[in-house]
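[1] Sequence below, structure please.
(chains A and B, ligands or ions: 2)
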Protein chains: 2
Amino acid sequence: MSEQELGITESKEYATGDWYAEVVQKAGLADYAPMGGFIVTKPRGYALWEALQDNLDGWFKDTGVDNAYFPMFIPESFLEREKDIVEGFDPEVAWVTQGGHEELEERLAVRPTSESIIAPFMADWVRSHRDLPLRLNQWCSVVRWEATETKPFFRTKEFLWQEGHTAHASEDGAWDETMLRLDQYERLFEDVLAIPVMRGRKPPHDKFPGAHTTTTVEALMPDGKSVQSATSHYLGTSFAEAFDITYTDEDEDEAVAHTTSWGLSWRALGALIMTHSDEQGLVVPPTVAPTQVAIVPIWQEDTKDEVLEYAEGIAEELEDAGISVDLDDRDERNPGFKFNEHELNGVPVRFEIGPNEVEDEEITVVHRPDGESIVEDREEIAETVEDHFDDVYDKLYEAAEENLEENVREADSAEEILGTIGQHRGYVKAPWCGDEACETAIKEKIAAEIVMCPLDRDVEPESDECAICGDEAHEVAYFAKSY
Amino acid sequence: MSEQELGITESKEYATGDWYAEVVQKAGLADYAPMGGFIVTKPRGYALWEALQDNLDGWFKDTGVDNAYFPMFIPESFLEREKDIVEGFDPEVAWVTQGGHEELEERLAVRPTSESIIAPFMADWVRSHRDLPLRLNQWCSVVRWEATETKPFFRTKEFLWQEGHTAHASEDGAWDETMLRLDQYERLFEDVLAIPVMRGRKPPHDKFPGAHTTTTVEALMPDGKSVQSATSHYLGTSFAEAFDITYTDEDEDEAVAHTTSWGLSWRALGALIMTHSDEQGLVVPPTVAPTQVAIVPIWQEDTKDEVLEYAEGIAEELEDAGISVDLDDRDERNPGFKFNEHELNGVPVRFEIGPNEVEDEEITVVHRPDGESIVEDREEIAETVEDHFDDVYDKLYEAAEENLEENVREADSAEEILGTIGQHRGYVKAPWCGDEACETAIKEKIAAEIVMCPLDRDVEPESDECAICGDEAHEVAYFAKSY
Ligand SMILES: [Zn+2]
Ligand SMILES: [Zn+2]
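    Numbers count the residues shown, from 1 in each chain, chains lettered A, B, ... in the order given. Ligands and ions are numbered 1, 2, ... in the order given. So this is what the prediction gives:
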């Protein structure tokens, strides 16, 4: 890349969408595929996905989940079966109709989600209470044929995700599972991605079709829009009844299982990129950064050897400590170019090493998010750098937390909801009667919706009256514009 | 499962195909999907795939490979472009023709392999010699619409694999890459899967279309058939020319890159399962076993507490040492049933623990492959068990090696080739003129083919004359029946 190509030209504040698209491309996270709605995930973007997977997959396995793999195609008749209880994904399905030169007798859906192919196998595998709980997960890609503008990681026809599907003997077991997965999603955002989230449940009209309750973690983006970042569904017995997921209980009686499903997609990457990045490019926390430390040696001809030797020793020490480091000893680039490039690519910590550092046995440590520069002793640098990772993490988390805290507001009339969202975006809490029509009234005027209600159904609204219709308020609704 | 359902009923020797299918199903590795040609990979099968992935993916990353993800669909016009240099996969492609309720303007192929969508991006990303080598890999599923009988992991319309695609400035660089990946595949088989393999190259008429050279690792199955277990292709400049993968060299001249591709599919799992398993069920080495040790406590009412406590202490110690252990303390099953079940499921080492073991502070250790039983001290068991893992590995490897060594034979006439393969299966080495017609002559009579030739092109055939046609022999061909 030339100097010019390195720069982000769009404004994060005034043209968030364009800025985001520019960061994704210039930081080498993704490219647009030739077919509208598809992207190519480039190595740096995919490495972020792998880091996220490593964390979540480990927690899943530690808590009894087994990975499996189900076919990417689902016969139309299987999707139809699901229709008995839910509205199908029909309008969004990509259909395979030809295999080789032959027309298929039955169309095959490219999986939009896998309930309808997994549930029959769960029914087959569950016989006795001893087979429960059954916890399956798969990491795969899914396709939903939506005709919308492509936005990498946020809106694509094909996307990567994991989908968990579990069956339990009791309602309590299934509820605990639903909440355990929601906890793990929250942990991923708060402890790995440096993004505070709000936990809640979707309003009844916006649940996953057929679900008893859909829980969600919502993250507030810098432009004041909410991202539904992961969902965990308690499905009750509706899927188990439709697909005959039954078991013989301890008294040898036949019983219907309670099921859950839960999923997180690469939309989490979109939230990660958008939350922390800036007009110098990508910003990510050290917890997921493919390169955690960039070492930039600064030399003249007569100091090159000593500077490089010193830098190499440091790189080796970091690597031995399991830190991902890039010693940028390219001859053809000057230090300023290298600084810009590593900033663009989201390397969270930079070491600057010149003859002074060598002489004083020190290292100049620079934090990506804010450019803070600290001189550290060379000795025990592999330990010291971990403190810098923590500092960088905290800086990112705190900035996001501040944004969230400043942007939850209250309102008690439709006018106030509209005015507050219009002026500030963010979340607006309002007492709500529970009727979808009251959401529609807001949605029609400002394209904001109820993104969640508090998980605790006993949370009392501030007022007895629905902010929109004036009927009795039953709960608190969080209105926001959303991705 | 009942006692009865645990048993394998088919003969490995006399009905290898049926026996294999029975092991796959009863050991919980895979089920048949409702659509012919598709399977569901169950947790135990998928865990084997993950173990294999972990090893290979780590080696790839250690040697400069970046993972990426390309769309699962490829526009027909992109596949057509590849046709300029190779025969396409057309007859084997599953086509998406409808998205939602709309007919697509251009059919989309579900990827049968990704050269045609990856190469244009490589062309875009490679500008200067500084961008080389470019090494990309993706783990994904691919679809080939072949109308054959389903054989889990060996023959399925959808299968999981990795495909590596690299570009290099020089022929040497690309050749080194081709051989490095072949080495890593060999290492996977020999050091992880306990399967000795033969390295070779495919005869010219059986190369990957468009490739300069296709190299292969071949494994001999117990039924005397060869499995092409992974391939690594040196593509020369043909793909780079077709897709404009060019770069500016150090002298600022335009040059064409040399490319490679290399892949390994879940067929490797098929080879793993088939090689080691027996008529008690699955056998796998401890290197990949999802459960490495099953602890079966053997108690009477009056010894239950002490036996269980002792067993729990051992389980904990193994877990702390990073060993995957299953303490099978189920009340409702007797030890004999448990032994059978863990054998069926391929747990390589079993600990039997009764009151005697508790009293003597010992453990009875039993090896899955051959039932060998050794009494070990309780102390330092987490270290001792590693020696048993090595022993079990060696037993499996040596048995497979013996099978391979006994089954490479020589022949110098068509009659002898046919007779030897007919009687013994295995590999038959013969001098060969290089003409496909001579392979066809054999193939038509006994469904055996040339599975490889020695990698070293200077290996001299034993005789000057092609065993089949009598013309001058240029190389050595290995004939075998194959999967
Ligand atoms: Zn209302
Ligand atoms: Zn010949």
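
[2] Quick one: name the residues of the stretch 201-350 of chain A near chain B.
    Residues of the stretch 201-350 of chain A lying close to chain B by CB under 8 Å from any CB of the partner chain are A:E332. All C-beta spots, glycine's among them, are computed from the backbone N, C-alpha and C.

[3] residue of the stretch 201-350 of chain A with the smallest distance to ligand 2?
    A:P290 (52.9 Å; CB to the ion).

[4] go on, chain A?
    In chain A, the residue that lies nearest ligand 2 is A:G100 (33.3 Å; CB to the ion).

[5] Looks like that residue contacts B:V93 (just checking).
    Yes. A:G100 is within contact range of B:V93, at 6.6 Å (criterion: CB atoms under 8 Å).

[6] Export only the CA atoms of the helix or strand A:M179 falls within, formatted as PDB.
    Using DSSP states H and E, A:M179 sits in helix A:171-187. The C-alpha trace of helix A:171-187 is given here as PDB (Å, rounded to 0.1, in the frame of the first residue of the first chain):
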ATOM      1  CA  GLU A 171     -38.200 -27.000  32.300                       C
ATOM      2  CA  ASP A 172     -35.700 -25.900  34.900                       C
ATOM      3  CA  GLY A 173     -32.900 -27.700  33.200                       C
ATOM      4  CA  ALA A 174     -33.700 -26.000  29.900                       C
ATOM      5  CA  TRP A 175     -34.100 -22.600  31.500                       C
ATOM      6  CA  ASP A 176     -30.700 -23.000  33.200                       C
ATOM      7  CA  GLU A 177     -29.200 -23.900  29.900                       C
ATOM      8  CA  THR A 178     -30.700 -20.900  28.200                       C
ATOM      9  CA  MET A 179     -29.300 -18.600  30.900                       C
ATOM     10  CA  LEU A 180     -25.900 -20.300  31.000                       C
ATOM     11  CA  ARG A 181     -25.400 -19.700  27.300                       C
ATOM     12  CA  LEU A 182     -26.600 -16.100  27.600                       C
ATOM     13  CA  ASP A 183     -24.000 -15.700  30.400                       C
ATOM     14  CA  GLN A 184     -21.300 -17.100  28.200                       C
ATOM     15  CA  TYR A 185     -22.200 -14.700  25.400                       C
ATOM     16  CA  GLU A 186     -22.100 -11.800  27.900                       C
ATOM     17  CA  ARG A 187     -18.700 -13.000  29.100                       C
END
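
[7] What is that helix packed up against?
    The contact analysis (3 or more CB pairs under 8 Å, 6 or more residues apart in numbering or on different chains; DSSP states H and E) places helix A:171-187 against helix A:43-62, strand A:158-168, strand A:213-220, strand A:226-236, strand A:258-265.

[8] Secondary structure element for A:V283, which one?
    Assigned by DSSP H and E, A:V283 falls outside every helix and strand.

[9] Which residues are in contact with the closest residue to it other than its chain neighbours?
    Closest residue to A:V283 apart from its sequence neighbours, by CB to CB, 6 or more residues apart in numbering or on different chains: A:H276 at 4.0 Å. With contact set as CB atoms under 8 Å, 6 or more residues apart in numbering or on different chains, A:H276 has these partners: A:A194, A:V283, A:V284, A:P285, A:P369, A:L396, A:A399, A:A400.

[10] Pull the number of nearby residues for A:V23.
    Using other CB atoms under 10 Å in any protein chain shown, A:V23 is surrounded by 25 other residues.

[11] Tell me how far the residue lying closest to it once chain neighbours are set aside lies from A:S226.
    The shortest distance from A:V23 to any non-neighbouring residue, by CB to CB, 6+ apart, is to A:S277 (5.0 Å). Here A:S277 is placed at a distance of 18 Å from A:S226 (CB to CB, to the nearest Å).

[12] farthest residue from the center of chain A?
    Distance from the centre of chain A peaks at A:D302, with 48.6 Å (CA atoms, centre = their mean).

[13] Please report how far the spatially closest residue to A:G28 that is not a sequence neighbour lies from B:D66.
    Leaving aside its sequence neighbours, A:G28 sits nearest to A:R44 (CB to CB, 6+ apart; 4.6 Å). When distance is defined by CB to CB, A:R44 is 8 Å away from B:D66.
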